[in-house]
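>>> how does the following fold in three dimensions:
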Amino acid sequence: MGKRLFDLAPLDASFGAVVSNIDLRSLNQTTWQMLFDAWIEYALLIFPGQHLTRDEQNTFAQRFGVLEFPAAPISNIATNGDILSDPESDTVKSLRGNEGWHHDSTYMPVQAKGAVFSAEIVPSRGAATGWADMRAAYDALDADMRNRLAELRAFHSLYYSQGRAGYLPAKKADGTYGMYGYHDKAVSLRPLVKAHPVSGRMHLLIGRHAHDIEGMAPGESELLLDRLNDEACRPPRLYYHQWQPGDVVVWDNRSLMHRATPFDMREPRRMWHTRIAGDTTERALNHA
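Residues are numbered from 1 along each chain as shown. Alright, predicted model coming up:
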């Protein structure tokens, strides 16, 4: 397509790149297509110092597809400005649960395609976000393990992942949790290995929401999934981003898993997450 209209510096990992000399508010069609192609190739693009408004972030995210939901705060700052640090707070439980490796929305009928994430307020220490390359993790498997996983399918549930970690929120008066992802639809069933719908590259589909592989006893399933998660999320398949206010990233939720990392919750942190809805290729096997 010709010379890139922005600067791109690959990370020291199997994926990811830092993109500079670009304004995400004003992308012409040629620049956008180059950026999309880079996203498919690198799976994670980092844009330092963009300082997008929420509307600008949503507009950028909509270039990748329809939104599962628009910019929402991922934060320990309550609506009244209080800093939430009580470990029994539902907000804190949700934040702590995100410290486990996962793909977004595998527990929903349609897994998310990707996300745009930005930093507004960052604490003085900690709070990096990590990503792990599930394409390279699949490539690293030996032939026997690839063959073993080829036909296996697992269920994905936020009830399971938060419950196993000890971070289920408090139930509401009606007996439900009243928070996003705690739905009453069928528990989503997904293959452990998928082909990316654009690149065709094979990748693992695992993470903390996955449980109860079909045809396995619960203990056997848990051991295999824990092993896959542990071995997949190792260098050179890892990158942790130390945030600065104004940073923006977009990642491919099919190719990568991600996780939050701990920070001192007595300090404020506010990030903004715009989730990009998946296409029909990301629909769970048991959802029409």
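>>> run through the helices of the stretch 101-250 of the chain in chain order.
134-139, 143-149, 158-165, 218-232 (DSSP state H, counting those that start in this stretch).
>>> show residues contacting the shortest one.
Contacting residues not belonging to helix 134-139 are listed as 14-15, 43, 146, 193, 196, 201-206, 231-233, 236-237, 255-257 [CB atoms under 8 Å, 6 or more residues apart in numbering]. (C-beta placed from N, C-alpha, C; glycine too.)
>>> go on, stretch 32-49?
Residues outside stretch 32-49 that contact it (CB under 8 Å, 6+ apart) are 1, 4-6, 8, 10-11, 15-20, 22, 24, 27, 63-64, 114, 131, 133, 135, 196, 198-199, 239, 241, 244, 246-252, 255-256.
>>> drop anything exposed from those.
By neighbour count, with 16 or more other CB atoms under 10 Å, these hold 6, 8, 11, 15-19, 22, 24, 27, 64, 114, 131, 133, 135, 196, 239, 241, 247-252, 255-256 as buried.
>>> what strand or helix carries residue 24?
Assigned by DSSP states H and E, residue 24 falls within no helix or strand.
>>> re earlier: the buried ones among the contacts of stretch 32-49 in strands, which ones?
Mapping the buried ones among the contacts of stretch 32-49 onto strands (DSSP state E) picks out 8, 17-19, 114, 131, 133, 239, 241, 248-252, 256.
>>> farthest pair within the residues you listed?
133 and 248 (20.2 Å; CB to CB).
>>> and the gap between the closest residue to residue 266 other than its chain neighbours and residue 77?
Distances taken as CB to CB, 6 or more residues apart in numbering place residue 85 nearest to residue 266, at 5.1 Å, with adjacent residues excluded. Relative to residue 77, residue 85 is positioned 11 Å away (CB to CB, to the nearest Å).
>>> looking at these two, which is more packed in?
residue 77 (16 against 13; other CB atoms under 10 Å).
>>> partners of that one in the sheet?
Beta bridges link residue 77 to residue 83, judged by DSSP bridges.
>>> number the chain from 51, please
Understood, numbering begins at 51; the last thing we discussed is residue 127.
>>> isn't it right up against residue 321?
No: taking contacts as CB atoms under 8 Å, residue 127 lies outside contact range of residue 321: 10.5 Å.
>>> not counting its own residues, what contacts stretch 61-78?
Contacts with stretch 61-78, where a contact means CB under 8 Å, 6+ apart, come from 55-60, 81, 85, 88, 92-98, 100, 102, 106, 110, 113, 181, 183, 185-186, 285-289, 298, 305-306.
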